[in-house]
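> build me a model:
(2 chains)
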Amino acid sequence: MKPFTYTRAKTPAEAAAAVAGTPGAKFIAGGTNLLDLMKLQIETPTHLVDVQDTGLDKIETSDDGGLRIGALVTNTTAAADPRVRRGYGVLTRAIVAGASGQLRNKATTAGNLLQRTRCPYFYDPNQPCNKRKPGSGCAAIGGYSRGLAVIGSSDACIATYPGDMAVALRVLDAGVETVRGDGTRRTIPIADFHRLPGDKPHIDNVLAPAELITAVTLPKPIGGRHFYQKVRDRASYAFALVSVAAVIRPDGTGRVAFGGVAHKPWRVEAADAALPQGAKAATQLAFAGARPTEDNAFKLPLAERTLASVLAQAKG
Amino acid sequence: MAGTDGSEVSRRGVVLGGVASAAVTALPATEVEAQAARDPRLAPPRMTVAMTVNGTKRQVTVDTRTTLLDTLREHLQLTGSKKGCDHGQCGACTVLVNGIRINSCLSLAVMHEGDNVTTIEGLGQPGKLHPMQTAFVEHDGYQCGYCTPGQICSAVAVLDEVKRGVPSHVTGDLTAKPSATNAELRERMSGNICRCGAYSNILEAMEEVAGGRA
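Here you go, the predicted model:
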């Protein structure tokens, strides 16, 4: 790791102002992804602002019947909350499908949204990577791309967003509440939060510099049966090759989002509308315009079959 | 272990002694240390942090980059917690912080001001073992033993997580309380790798402790 100074902030606004006012500064919460990347010198902050004392560790019921999950609520706490388990089963299922028990105990709600890609070329500083070093090229294109994106990719980057939680949040139409260095606040719809790589793959999401996530908001429960089915190389503790987050109503209508396939949780409204026609119809619409590599073309039939499995369970 | 002359000699003590004598003439290991030797103002930032470790209040002054794991091992000489991958993938560094299991390699010491840390040394000692330690011995839940401190800390915390109703990937009904079945324990222990492959015996040890408690 490169040397850094360290301070703790007492409030979210104070934390945002501290990062805004210190060149090279970053927030740290759980640290499970940031410290991993700092050890590899992929992340090299010169100052860390620890946000653990900012009081963002509560889950509150909101006036509209939804939930407001504080940014510092750990993945374990969010997944285990009775209100989440009852009304947002897809979220609990997605969280416990990711990482290990130890990591979920430390990783936070906001940090989970901000985890960086697991593309092997991003992790290897000896390789060109436009996400790690803008303009250096992409070793994944033409390289080992089995786990990488099949849709929404660009000529500069074919990385995937690696998380599970955000795929469930996409199906639930969650919001991401933030505060900026100047104290202003906003709520970003989860659909707009992560961005596609385009020609700026080093920018994962739409947060401004020094903008701090304070909470994730969930609209009131939408009912239906909740599923998160994840296909991976190991039965546990591995990133998704393909995952399906779905909420299916008794009449066969519903919502679906896919993980492990793009630079962001992948949801296409036309595919939602086609769910009653079955997995083939829905995935054809969800993956229209897909650009798989030779190594990862298997993800397209795998996505269809994973969704077919979910729809069969929904009928059962 | 007892030395041949009856004195207490540990492998750790011998290694530390070797390091101390070598350090007298050691050159700066990194560019940062070399800079600091030339100009103390360029030394990496250090901070003092106080935490309770295995029931005892401890205070250390460390480079801000020091992980909780390195603090335990290198500053507090609690070498039970092991460094396997140092990236949160193997679980050998698992300790309990305020009763919750975490990877101590992916946490900075300075983030743990005021925390209550329990390592394998705090769970039990020779002659006064924790029930999980006894069960690991009885069921032969290890071969080389390197992952064992992390396995045991994790196992103790897993049974607590099940008791508190924390769901897992294999929990069927999310509205019901999970129970300590073989499948549940297996899934929950997936963050602790054992290269020797003692998994089935580890699960037997855990099942015995879980059963004894019920």
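> how about the residue sitting nearest the centre point of chain B, what does it touch?
Chain B has B:Ser81 as the residue nearest its centroid, 3.2 Å off, counting by C-alpha atoms, centre = their mean. By C-beta atoms under 8 Å, 6 or more residues apart in numbering or on different chains, the residues touching B:Ser81 are B:69, B:72-73, B:92-95, B:104, B:119-120, B:149-150, B:153. All C-beta atoms are positioned from the backbone trio N, CA, C, and that covers glycine.
> that one: what secondary structure?
What DSSP: H, G, I helix; E, B strand; the rest coil gives for B:Ser81 is coil.
> any residues of the stretch 151-300 of chain A in contact with chain B? List them.
For the stretch 151-300 of chain A, the contact set with chain B under C-beta under 8 Å from any C-beta of the partner chain comprises A:234-237.
> and with 10 Å instead?
By C-beta under 10 Å from any C-beta of the partner chain, the residues of the stretch 151-300 of chain A that approach chain B are A:226, A:228, A:230, A:234-238.
> among those, which are located in strands?
A:226, A:228, A:230 (DSSP state E).
> in which helix or strand would I find the closest residue to the second one other than its chain neighbours?
Put plainly, it is A:Tyr228. Using C-beta to C-beta, 6 or more residues apart in numbering or on different chains and skipping residues adjacent in sequence, the residue nearest A:Tyr228 is A:Arg93, 3.6 Å away. Element membership for A:Arg93 (DSSP states H and E) is helix A:89-96.
> highest neighbour count among the ones in strands among the residues of the stretch 151-300 of chain A next to chain B?
A:Tyr228 (28 neighbours; other C-beta atoms under 10 Å in any protein chain shown).
> look up how far A:Thr253 lies from that residue.
Using C-beta to C-beta, to the nearest Å, A:Tyr228 is found at 19 Å from A:Thr253.
> can you map out the helices along chain B?
Ranges of helices in chain B, per DSSP state H, are B:11-23, B:31-38, B:68-70, B:120-123, B:131-138, B:148-163, B:182-188, B:199-213.
> do the stretch 201-316 of chain A as well
In the stretch 201-316 of chain A, the segments counted as helices under DSSP state H, counting those that start in this stretch are A:269-273, A:279-286, A:299-315.
> pretty sure A:Pro162 contacts A:Leu114?
No: using C-beta atoms under 10 Å, A:Pro162 is not in contact with A:Leu114, being 11.3 Å away.
> all strands for the stretch 1-150 of chain A, in order.
Listed in chain order, the strands found in the stretch 1-150 of chain A under DSSP state E, counting those that start in this stretch are A:5-8, A:25-28, A:47-50, A:59-61, A:67-70.
> looking at chain B, which helix or strand does the model trust least?
Ranked by mean pLDDT, DSSP states H and E, the weakest helix or strand in chain B is helix B:11-23, scoring a mean of 50.
> quick one, helices of the stretch 51-200 of chain A?
Using DSSP H, counting those that start in this stretch, helices in the stretch 51-200 of chain A cover A:75-80, A:82-87, A:89-96, A:101-106, A:109-114, A:165-171, A:190-193.
> packing partners of the first one?
Counting by 3 or more C-beta pairs under 10 Å, 6 or more residues apart in numbering or on different chains; DSSP states H and E, the packing neighbours recorded for helix A:75-80 are strand A:67-70, helix A:82-87, helix A:89-96, helix A:101-106, helix A:109-114, helix A:165-171, strand B:100-103.
> just give the nearest non-adjacent residue to the residue in chain A that chain B sits nearest to, would you?
Residue nearest to chain B within chain A: A:Ser100 (2.5 Å; C-beta to the nearest C-beta). Spatial nearest neighbour of A:Ser100, excluding adjacent residues (C-beta to C-beta, 6+ apart): B:Gly191 at 2.5 Å.
> so that neighbour versus A:Ile28, what's the distance?
21 Å.
> dihedrals phi and psi, the residue nearest to A:Pro219 when sequence neighbours are not counted?
The shortest distance from A:Pro219 to any non-neighbouring residue, by C-beta to C-beta, 6+ apart, is to A:Gly66 (4.8 Å). For A:Gly66, the backbone dihedrals (degrees, to the nearest 10) come out as phi -90, psi -160.
> roughly how far apart are A:Gly66 and A:Ile213?
A:Gly66 sits 17 Å away from A:Ile213, going by C-beta to C-beta.
> who has more neighbours out of these two?
When neighbours are counted by other C-beta under 10 Å, A:Ile213 comes out ahead of the other of A:Gly66 and A:Ile213, with 27 against 20.
> A:Arg273 against A:Gly252, yeah?
Not quite, residue A:273 is Ala, not Arg. No: taking contacts as C-beta under 10 Å, A:Ala273 lies outside contact range of A:Gly252: 11.4 Å.
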